[in-house]
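K.L.:
Turn this into a model:
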Amino acid sequence: MIMKASELRAKDTAELNNELIELLKAQFSLRMQLATQQLSNTSQLGKVRKDIARVRTILGQKAVAK
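P.N.:
Okay, here's the model as predicted:
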């Protein structure tokens, strides 16, 4: 599920916003699983956080470039 920045740069702003929404939903789901002690692989949280940061960074770069 880990995305590369080059893959993200190829997408347009609408696709990136949709990707961000999906990642935020996944992060919420993982946090709920962690709180209810149903999450077995806790490293998923960090990976999703980094993906969110990656998408937000690319969105910011695209906003400045316009």
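
K.L.:
Helices along this structure, start to end?
P.N.:
In chain order, the chain shows helices spanning 5-9, 13-35, 43-65, with DSSP state H as the criterion.

K.L.:
Could you export those as TSV, including mean neighbour count and mean pLDDT?
P.N.:
Any C-beta I mention is one placed from the backbone N, CA and C, and that applies to glycine too. Formatted as TSV, the helices of the chain follow (neighbours: other C-beta atoms under 10 Å; pLDDT from 0 to 100):
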stretch	mean neighbour count	mean pLDDT
helix 5-9	12	90
helix 13-35	14	96
helix 43-65	14	95
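
K.L.:
Give me the pLDDT value at residue 1.
P.N.:
The pLDDT attached to residue 1 in the predicted structure is 60.

K.L.:
residues contacting the residue most central in space within the chain?
P.N.:
Closest to where the C-alpha atoms of the chain average out (C-alpha atoms, centre = their mean) is residue 52, at 2.8 Å. Under the criterion of C-beta atoms under 8 Å, 6 or more residues apart in numbering, the contact list for residue 52 reads 20, 23-24, 27.

K.L.:
Could you check how far the closest residue to residue 5 other than its chain neighbours is from residue 36?
P.N.:
With C-beta to C-beta, 6 or more residues apart in numbering as the criterion, residue 5 has its nearest non-adjacent residue at 5.9 Å, and that residue is residue 54. Using C-beta to C-beta, to the nearest Å, one obtains 28 Å as the distance from residue 54 to residue 36.

K.L.:
do residue 45 as well
P.N.:
For residue 45, the distance to residue 36 under the criterion C-beta to C-beta works out to 14 Å.

K.L.:
Next: residue 43.
P.N.:
Residue 43 is 18 Å from residue 36, where distance means C-beta to C-beta.
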